[in-house]
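Trainee: Got a sequence here, can you build the structure:
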Amino acid sequence: MNYRFVAARDESSQVISASDPSTPLERTDHQIGRWRRQAFFAAASLIAACSYCPSIASAQDAAQDNTAQPVPERPKIRADRRSEEDWSVLADPRVAREPLDGLKYIPLDTAHPKMYLSLGVNLRERFELDHATFFGAASGESGQWILSRLEWHADLRLGDHVQLFTQFQNAVAPGKARLKPVDQDRLDVEQAFIGLTEPLGGGTLRLRLGRQVVAIEFQRFASVREGPNLRQSYDAALADYARGGWHVIGAYEQAVQTQDVHPFDDYSNHHLTLSGVKVQHRFSGSTQLSAYYANYRHDDAVFTSVTGNERRNIIDIAQVAPSRGLIGRSKA
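Mentor: Purely as a prediction, here's the structure:
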């Protein structure tokens, strides 16, 4: 029995026959084994290369994706909305650093950038000059003084869902002879609340409970009171739900009565409350329709010449379409 093996080399062919005495069978087996090993190594190299290339491509794609992501912006600092600042953007090394960033963003878990502690301070110095004797200024109230307000806060974020915010205040009015209730409070809690955020029914539900600074609508009944030295805080429960173009807000608030007899002596005034609910729907672009109901209670309210219990039930319906020049409002 003859065995015939053909191997291609260059452009010629070589015939190896087991019957050929010049080509022993042992040599033929040795060459066959060598070719098989070479073929095996070539196939293994090809498979490894094919499996490695997608990994390289994936890594390159991921690098390109990271490079394509825009650099997050630093949050804007607003004195009356410090609790809304999100300093987790400082976890991105591409964000430009500024002095004291080490206090604005203190990471609690490097694997979760949204878990951090943020510290901040506000200082407002306001000089007032009052010599309007011909405008009814009472005797002894004329002069000049400084309204100084110092606030410091700690904002603890436990991921995207939990926020613990605390803010203290020190407000003094050096040089003012007759102090009003809104002029001085040397040490007290301005804000201390817990906020929860959860996805619900295809939308987002936000809850906030505790002492806080709240501005509602045109701030006629619930105002931040930024002008005087002391802001107006409220012990409040707020609920906010947004889904698509719908937005529903519910609130119950009791005004905080400020005092300056002892540290931390401010108290919740249940004689001055505001509660209500607002529903808002955005149709398209900037066109929106909103309606709200509010109940305002003020016991022993003092007017020009009378004192009594003030009760108000407010119903407001508004449609806003700036692109069409339409702003309509109905209030009862």
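Trainee: Buried residues of the helix or strand hosting residue 252, list them for me.
Mentor: Per DSSP states H and E, residue 252 falls inside strand 246-257. Using 16 or more other CB atoms under 10 Å as the test for burial, strand 246-257 gives 247, 248, 249, 250, 251, 253, 254, 255, 256. C-beta: built from backbone N, CA, C; applies to glycine.
Trainee: pLDDT at the fourth one, what is it?
Mentor: Looking at residue 250, its pLDDT stands at 96.
Trainee: if I look at it, how far off is residue 258?
Mentor: Residue 250 sits 26 Å away from residue 258, going by CB to CB, to the nearest Å.
Trainee: all helices in this protein, in order from the N-terminus.
Mentor: Counting by DSSP state H, the chain has helices at residues 25-68, 101-104.
Trainee: Out of the buried residues of strand 246-257, which is nearest to residue 172?
Mentor: Residue 172 lies nearest to residue 256 out of those, by CB to CB, at 18.6 Å.
Trainee: Kindly tell me how buried the residue lying closest to that closest one once chain neighbours are set aside is, as a neighbour count.
Mentor: Among residues not flanking residue 256 along the chain, residue 233 sits closest, at 4.1 Å (CB to CB, 6 or more residues apart in numbering). Residue 233 is flanked by 28 other residues according to other CB atoms under 10 Å.
Trainee: Which residues are in contact with residue 233?
Mentor: 190, 191, 211, 212, 213, 255, 256, 266 (CB atoms under 8 Å, 6 or more residues apart in numbering).
Trainee: The first one: neighbour count?
Mentor: If I follow you right, that is residue 190. 25.
Trainee: okay, the closest residue to it other than its chain neighbours: pLDDT?
Mentor: In this structure, residue 190 finds its nearest non-sequential neighbour in residue 169, 4.3 Å apart by CB to CB, 6+ apart. If you check residue 169, the pLDDT there is 96.
Trainee: wait, residue 169 sits on residue 184?
Mentor: No - with contact defined as CB atoms under 8 Å, residue 169 does not reach residue 184; the gap is 10.7 Å.
Trainee: With neighbour numbers in mind, choose between those two.
Mentor: Between residue 169 and residue 184, counted using other CB under 10 Å, the more crowded position is residue 169 (23 against 19).
Trainee: Against residue 151, how distant is the more buried one?
Mentor: Distance of residue 169 to residue 151, given as CB to CB: 5 Å.
Trainee: what touches both of the two?
Mentor: Taking CB under 8 Å, 6+ apart as the contact rule, residue 169 and residue 151 both touch residue 190.
Trainee: give me the beta-bridge partners of residue 278?
Mentor: residue 249, residue 292 (DSSP bridges).
Trainee: Could you do the one 4 residues further on as well?
Mentor: In this structure, residue 282 has the following beta-bridge partners (DSSP bridges): residue 288.
Trainee: so what's it up against?
Mentor: The contact partners of residue 282, by CB under 8 Å, 6+ apart, come to 245, 247, 288.
Trainee: sorry, back to before: name the helices or strands packed onto the strand holding residue 252?
Mentor: Counting contacts by 3 or more CB pairs under 8 Å, 6 or more residues apart in numbering; DSSP states H and E, strand 246-257 packs against strand 234-243, strand 267-284.
Trainee: how much does it deviate in direction from strand 234-243?
Mentor: 170 degrees (axes from the mean of the first three to the mean of the last three CA atoms, to 10 degrees).
Trainee: what inclination does strand 246-257 have with respect to strand 267-284?
Mentor: 160 degrees.
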